[in-house]
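J.: any chance you could fold what I've pasted below:
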Amino acid sequence: MSPHPSTEERIARAATEVRARWPDRPAVGIILGTGLSRLAEHVADATVMPYEEIPGFPTSTVETHRGRLVGGKLDSVPVAILQGRTHRYEGYTLEEVAFPVRVLRELGVGTLVVSSVSGGLDPLWVPGDLVLISDHINLLGDNPLVGPNVDSQGPRFPDMSRAYDPELRRIAREEALRLGLTLREGVYVAVPGPNLETAAEYRMLRGIGADLVGMSTVPEVIVARHTGMRVLALSIVTDSCLPDALQPADIETIIRTAENAEPRLTDLVRAVLPRLL
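T.: Numbering: from 1, shown residues only. Got it, this is the predicted structure:
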């Protein structure tokens with residue numbers, strides 16, 4: 001192997017390490033964001049692998065991201081859960097941020113469920129609301145597909161007209177209704193961070209069509225679609241980003257809001273999961 005392995009070689013090395021410890025073939029991958037790690041506690045016969053033990057995996061420097069791959073069964077569905085993610089603001093390239101998604105695909109994942117927390121730009125939404133992401137705007141200033149194309153995983157110019165699978169969104173709406181959960185739906189805009197935005201920036205983001213703002217999700221979704229995965233993305237509104245009534249951000253409150261809403265998100269994901277196969 002060359003001193004500078006190709007992306008395909010790095011994917012294969014990581015997948016080989018995971019399979020050596022957990023040989024099952026997962027059908028669904030799940031990414032858990034800030035304050036949303038407890039879903040992994042429901043996995044039966046779990047195999048837990050810290051990211052630093054998987055070749056090529058970036059390790060999180062953010063306290064609220066556990067940084068573990070959890071494999072097992074969630075309500076009889078074989079799943080691979082990324083318990084925490086990395087971000088561009090931690091110093092990683094977007095290719096590095098999304099690399100675990102490529103490994104999930106190599107392991108057999110065909111559907112990816114992405115969760116996150118975000119700031120709400122819609123004046124009718126309140127902290128704690130669950131949101132079904134219908135589309136995104138990439139303002140990260142980069143793209144995880146920049147560079148040589150990984151031909152074995154997808155085309156040079158992947159289509160993003162249906163990045164967030166319409167059928168999976170329909171299922172999520174149906175299950176939310178059955179559970180009596182309010183489920184908003186809107187467009188997510190990804191920004192680099194790590195600072196939160198100014199009032200003028202929130203006004204601009206709302207003006208270009210965004211309903212939610214965050215610092216993740218988009219790189220992972222782009223790579224998932226590049227590899228042919230179907231994507232369902234859900235977010236929790238943790239703070240109101242209304243430029244004319246903007247309050248200073250309190251990170252502890254944001255995390256607490258996410259944790260308080262997590263049981264509802266967990267119920268929705270578990271209800272949707274059997275219908276993703």
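J.: V113 and N149, how far apart?
T.: V113 sits 26 Å away from N149, going by C-beta to C-beta, to the nearest Å. In short, each C-beta sits where N, CA and C put it, glycine included.
J.: determine how far the lengthiest helix in the chain lies from the middle of the whole chain.
T.: In the chain, with assignment by DSSP state H, the single longest helix is helix 251-272. With C-alpha atoms, centre = their mean, to the nearest Å as the basis, helix 251-272 stands 14 Å off its chain's centre.
J.: what do you get for stretch 101-116?
T.: 10 Å.
J.: flag every buried residue along stretch 39-58.
T.: Counting neighbours by 16 or more other C-beta atoms under 10 Å, one finds that the buried residues in stretch 39-58 are 39-40, 42-43, 46, 48-49, 51, 54-58.
J.: do the same with stretch 153-167
T.: So, applying 16+ other C-beta under 10 Å, buried residues of stretch 153-167: Q153, G154, P158, A163, Y164, D165.
J.: and for the closest residue to E262 other than its chain neighbours, the neighbour number?
T.: Spatial nearest neighbour of E262, chain neighbours left out: L36 (5.5 Å); criterion: C-beta to C-beta, 6 or more residues apart in numbering. The criterion is other C-beta atoms under 10 Å. On that basis, L36 has 27 neighbouring residues.
J.: and L36, how far is that from H226?
T.: From L36 to H226 the distance is 24 Å (C-beta to C-beta).
J.: same check on V269?
T.: 23 Å.
J.: what's the answer for D45, then?
T.: 31 Å.
J.: what's the answer for R25, then?
T.: 21 Å.
J.: equivalent analysis for A40, please.
T.: 26 Å.
J.: then A199?
T.: Going from A199 to H226 by C-beta to C-beta gives 35 Å.
J.: buried residues in stretch 89-97, which are they?
T.: Buried-residue list, stretch 89-97, by 16+ other C-beta under 10 Å: Y89, E90, Y92, L94, E95, E96, V97.
J.: can you pull out the low-pLDDT segments for this protein?
T.: 1-3, 63-65 (pLDDT under 70).
J.: quick check, central residue of it?
T.: V114 (3.3 Å; C-alpha atoms, centre = their mean).
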